[in-house]
Structures are given as structure tokens and as C-alpha cells.
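Peer 1: 3D, please:
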Amino acid sequence: MPYTVSAHTRGRWLLLLLFCYSIGICGKHVCQLSRSPVVFHGRQPTRNVSDVPAQIYCPVCGSVTKPLAWTENIRESGACSVCGANNRVRQLAVAFNYAASFKLRRPLLRVQDAAGLFLIYNTDCYGAFHSVLKDSTGYVCSEYLDNGAQSGALVNGVMHQDLQRTSFAAGTFDFVLSTEVMEHIPNPYHAFSEILRILKPGGAHIFTAPYIPQNVNDDIRARYVNGSLQLYQPPQMHGDSIRHEGILVYTVFGQEMLRRLCRMGYRVHHFVDEVPAFGIVGSVHVFLCWIR
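Peer 2: All right, here's what the predicted structure looks like:
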């Protein structure tokens with residue numbers, strides 16, 4: 001059961017939220033007027049789950065609630081007991097709320113409040129973002145379902161899209177959301193370029209993906225060469241909501257990703273924030289890529 005709070009107490013939580021935004025996102029660690037194509041938000045992670053209070057504010061659904069159990073995989077645990085958003089998804093939500101607030105010129109404190117205000121494409125038809133946006137106008141979601149299907153086709157009632165070649169018109173969306181998707185695409189930079197095409201001017205792609213900041217170059221684990229899958233390292237599989245056997249990782253990203261995204265025309269904001277009041281701790285990398 002979510003924790004019920006009075007209007008006064010909820011107001012104090014929202015003030016705390018704004019305070020955390022001011023020091024965690026717009027503080028001395030960020031130069032908002034920087035001409036650099038990459039802007040860094042945050043600091044080197046130093047906190048762990050012992051710093052998370054008993055009740056957290058969820059920036060996805062807006063609930064003040066006790067997070068579910070934390071595991072050794074801090075990034076993927078501590079889920080909101082109302083919407084299911086884990087540590088990683090809450091960090092994605094902070095970046096989304098930051099971007100939406102910038103476009104609205106007013107604070108947007110939870111993802112749920114963006115419903116109907118933007119044209120949003122979510123590359124995932126499951127999860128916390130989907131649960132709070134699914135009934136809103138202007139929201140579209142898809143999955144990669146079938147190698148033989150055309151992008152835009154419905155497979156068992158779910159839209160299929162290949163992010164390397166979507167069916168959407170150019171300049172369609174305000175935001176594209178992807179969490180743990182880009183590493184599973186055979187040629188992720190074709191997908192990044194396609195997402196750039198379908199975003200409106202001033203739109204943004206907000207995503208998480210495996211990222212090792214110490215690596216100068218991407219770690220390419222697999223590729224298709226002349227139509228044949230080539231494994232350069234032992235196969236690494238991630239859990240998947242559709243495929244019980246998991247899904248292959250093609251790329252673990254490094255600094256090369258930032259350079260290539262900038263060359264494509266994105267202005268990259270790199271978030272590594274810790275906000276224990278939101279249940280956000282540890283090293284979670286989120287990328288907010290504006291069209292410049």
C-alpha cells in the first residue's frame with residue numbers, strides 16, 4: 001500500500017523535489033550556458049542504499065511510498081511499490097522531467113503529469129513509463145517483435161518497429177524514450193540516426209544503455225556481416241519481457257558514443273545523479289540528447 005500523506009506534507013515533499021532539482025541538476029556541476037555539445041549533470045556516485053530514506057518520492061508516478069527490496073544489483077532494484085519504477089527508471093524519469101520542464105517553462109514533477117502534453121514515442125510497451133502514459137493522447141509505444149514483420153505492423157495487438165527503419169514520418173515526436181534498448185540493436189548508430197529523423201526540432205531522445213565511461217571506444221560484442229551473425233566475444237544476454245531466452249547484447253557503449261551522437265547533431269546531456277529522496281543512488285548513466 002502506498003503511504004498516504006496530507007496536502008501539507010506532500011507540499012513539503014514537492015519543495016524537497018525542487019530543491020534536489022536545483023542542486024542535483026542545475027547546480028555548480030553543470031554549466032547550462034556551455035557551448036560544449038556534451039553537458040554533464042551530477043557527480044561521482046558516493047552513496048548506497050543505506051542513504052535512501054524509508055519513504056521515497058517517485059518521479060514517475062508521484063507517489064510517496066516505501067521502495068521494494070534492494071538487491072546486489074542496485075541499478076535494477078528498489079522498485080516503487082505503486083508503479084514499479086526501479087532505481088534506473090527513476091533516474092530516467094528525472095532526466096525526462098527536466099526536459100519536459102524546460103519545454104513547458106514550468107516544473108513538471110512526475111512523468112504522469114506529461115500525459116497529453118507531448119507526442120511521446122516509447123520503445124517499450126511494458127514498464128513504469130508505459131503504465132502512467134498508456135491512456136494519454138499523443139503516446140505511442142512499440143516492441144521489436146518479428147524479423148519478418150514490417151515496421152508499423154501489429155503483431156498480436158502490439159506495434160512492431162525496427163528502430164533502424166521505423167514507419168514514422170520525419171519530425172513526429174517531442175520525445176523518444178528507450179531504456180536498455182540500444183545495446184540490443186545490431187547497428188545502434190543507424191537507430192540513433194533514425195530517432196534523430198523522427199524527432200521534432202527541439203525534440204529529445206532520452207535513454208539508458210550499458211555505458212563504461214572509462215572506455216574510449218565502444219565494446220562491440222557482435223555484428224551482422226553479409227547477413228551472418230558474427231560473435232566477437234562470448235554471447236551476453238539480457239532479460240527480456242517478451243523473449244524468455246533473453247536478448248543478445250551487440251554493443252556496450254563508451255566515450256565513442258558521445259562523440260558520434262554529437263557529430264550526428266545531438267547536444268548530449270549526461271546524467272549521473274544521486275537523489276536518495278527519490279530512491280536514486282549508485283552509478284546510473286542516463287543520456288538526454290536534444291536536437292541542436
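Peer 1: OK, contacts around E183?
Peer 2: 209-210, 238, 249-253 (CB atoms under 8 Å, 6 or more residues apart in numbering). All C-beta spots, glycine's among them, are computed from the backbone N, C-alpha and C.
Peer 1: Turn those into TSV, columns for distance to G202, pLDDT and secondary structure.
Peer 2: Listed next are the contacts of E183 as TSV, based on distance: CB to CB, whole Å; pLDDT from 0 to 100; DSSP: H, G, I helix; E, B strand; the rest coil:
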residue	distance to G202	pLDDT	secondary structure
A209	23	96	coil
P210	28	94	coil
H238	32	77	strand
V249	32	94	coil
Y250	30	96	coil
T251	28	97	strand
V252	30	97	strand
F253	25	97	strand
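Peer 1: What's the ChimeraX line that selects buried ones from those residues?
Peer 2: Per 16 or more other CB atoms under 10 Å, the buried members of the contacts of E183 correspond to this ChimeraX selection:
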select :209,210,249,250,251,252,253
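Peer 1: Grab the two from the contacts of E183 that are most spread out in space.
Peer 2: Greatest spatial distance among the contacts of E183 (CB to CB): H238 and F253, at 14.0 Å.
Peer 1: Low-confidence regions, the stretch 1-150 of the chain specifically.
Peer 2: 1-36, 43-46 (pLDDT under 70).
Peer 1: show me where it has helices.
Peer 2: 7-24, 87-104, 128-133 (DSSP state H, counting those that start in this stretch).
Peer 1: Quick check: phi and psi on the residue lying closest to G203 once chain neighbours are set aside?
Peer 2: In this structure, G203 finds its nearest non-sequential neighbour in D174, 5.1 Å apart by CB to CB, 6 or more residues apart in numbering. Per-residue torsions, D174: phi -80, psi -40 (degrees, to the nearest 10).
Peer 1: Which strand runs longest in the protein?
Peer 2: strand 199-208 (DSSP state E).
Peer 1: got the angle for that strand vs helix 87-104?
Peer 2: 160 degrees (axes from the mean of the first three to the mean of the last three CA atoms, to 10 degrees).
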